[in-house]
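K.L.:
sequence unknown, structure follows:
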């Protein structure tokens, strides 16, 4: 009877060991599947982050180009304005000289209208 009990105990050990190996194998498979799923989600997030960064960089570049264009237009307009102001001041100086000459008797300089802006 002792040998039957020993055989029964030994077969229970083998069964428990086989069951533990099966559980361990299933656990490893489950862990591997979850790791693969997590790695896929992480890669998807990295890809989305890269796409978002590229979109942001493109938007910043477009904004900087717009600012550069606006600055160039402003600079050109200010250059033209300053040119016009200088021309106006020259015309005013000439007009004042013509008025003074007219009042001094040089009637050839009397018929010049006052410059306008």
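P.N.:
Perfect, I can see it now. Small disclaimer: the values here were computed from a predicted structure and weren't measured.

K.L.:
For residue 11, report the pLDDT, please.
P.N.:
Residue 11 carries a pLDDT score of 59 in this model.

K.L.:
ah, wrong one, I meant residue 18
P.N.:
For residue 18, the predicted pLDDT is 56.

K.L.:
before we move on, what about residue 114?
P.N.:
86.

K.L.:
how about it, what does it touch?
P.N.:
residue 95 (C-beta atoms under 8 Å, 6 or more residues apart in numbering). Glycine gets a C-beta too; all of them are placed from N, C-alpha and C.

K.L.:
Next, it: secondary structure please.
P.N.:
Put simply, residue 114 is coil when judged by DSSP: H, G, I helix; E, B strand; the rest coil.

K.L.:
and it, how far is that from residue 42?
P.N.:
78 Å (C-beta to C-beta, to the nearest Å).

K.L.:
Same question for residue 63.
P.N.:
Counting by C-beta to C-beta, the gap from residue 63 to residue 42 is 31 Å.

K.L.:
try residue 110
P.N.:
Using C-beta to C-beta, one obtains 89 Å as the distance from residue 110 to residue 42.

K.L.:
Off-centre distance for stretch 88-107?
P.N.:
In terms of C-alpha atoms, centre = their mean, to the nearest Å, the centre of stretch 88-107 is found 58 Å from the chain centre.

K.L.:
which of the residues in that stretch are buried?
P.N.:
residue 98 (16 or more other C-beta atoms under 10 Å).

K.L.:
just for the protein, where's the confidence low?
P.N.:
1-22, 117 (pLDDT under 70).

K.L.:
Centroid-nearest residue for it?
P.N.:
Centroid-nearest residue in the chain, with C-alpha atoms, centre = their mean: residue 56, separated by 2.8 Å.

K.L.:
Cheers, nothing more for now.
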